[in-house]
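Enquirer: A predicted structure for the sequence below; I have some questions about it.
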Amino acid sequence: QLQLVESGGGLVQPGGSLRLSCAASGFSLDYYAIGWFRQAPGKEREGVSWISSSGGSANYADSVKGRFTISRDNAKNTVYLQMNSLKPEDTAMYYCVADPEGIELVRLEYDYWGQGTQVTVSS
């Protein structure tokens, strides 16, 4: 069974950092682009970042550019999202997705989603 499992969320103060992980089981991520999306209460789900299957290309939403960094370790079948300088408006459930054809931050239709990990930024 193909699964994506996110981890690393939690409660952090403004200005703090977290590193989210997206681990795959049942399939290899080698040929999949991976994206991170988030959804805050009462808001629509939005794209945060994606990384190509090779790791050679990445993209970020304007709201996180310069603060978040996406990376992947195909040997560990895992993708990471390093989040620095966190703000209260980053509070959301964060999801990872996988697609062999690529990820677009404005598209929400993907076959493989994880269950999400909660990030709360608050003092």
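Expert: That came through, no problem. Note that the structure is predicted; figures quoted are calculated from it, not measured. Numbers count the residues shown, from 1 in each chain.
Enquirer: And residue 123, how far from residue 57?
Expert: 36 Å (CB to CB, to the nearest Å). Glycine gets a C-beta too; all of them are placed from N, C-alpha and C.
Enquirer: Looking at the two now, which is surrounded by more residues?
Expert: residue 57 (11 against 8; other CB atoms under 10 Å).
Enquirer: Without its sequence neighbours, what residue ends up closest to residue 13?
Expert: Nearest residue to residue 13, sequence neighbours excluded (CB to CB, 6 or more residues apart in numbering): residue 123, at 5.4 Å.
Enquirer: Wait, the one you found touches residue 14, no?
Expert: Yes: Residue 123 is within contact range of residue 14, at 5.9 Å (criterion: CB atoms under 8 Å).
Enquirer: sorry, back to before: what pLDDT does the residue nearest to residue 13 get?
Expert: Residue 123 is assigned a predicted lDDT (pLDDT) of 96.
Enquirer: same thing with residue 107?
Expert: The model's pLDDT for residue 107 equals 93.
Enquirer: Tell me, how many residues neighbour it?
Expert: Neighbours around residue 107, by other CB under 10 Å: 13.
Enquirer: do the same with residue 14
Expert: 13.
Enquirer: Show the pLDDT at it.
Expert: In this model, residue 14 is scored at 98, pLDDT.
Enquirer: What of residue 68?
Expert: 98.
Enquirer: What of residue 1?
Expert: 76.
Enquirer: I'd assumed residue 26 was in contact with it.
Expert: Yes: applying CB under 8 Å, one finds residue 1 in contact with residue 26, separated by 5.0 Å.
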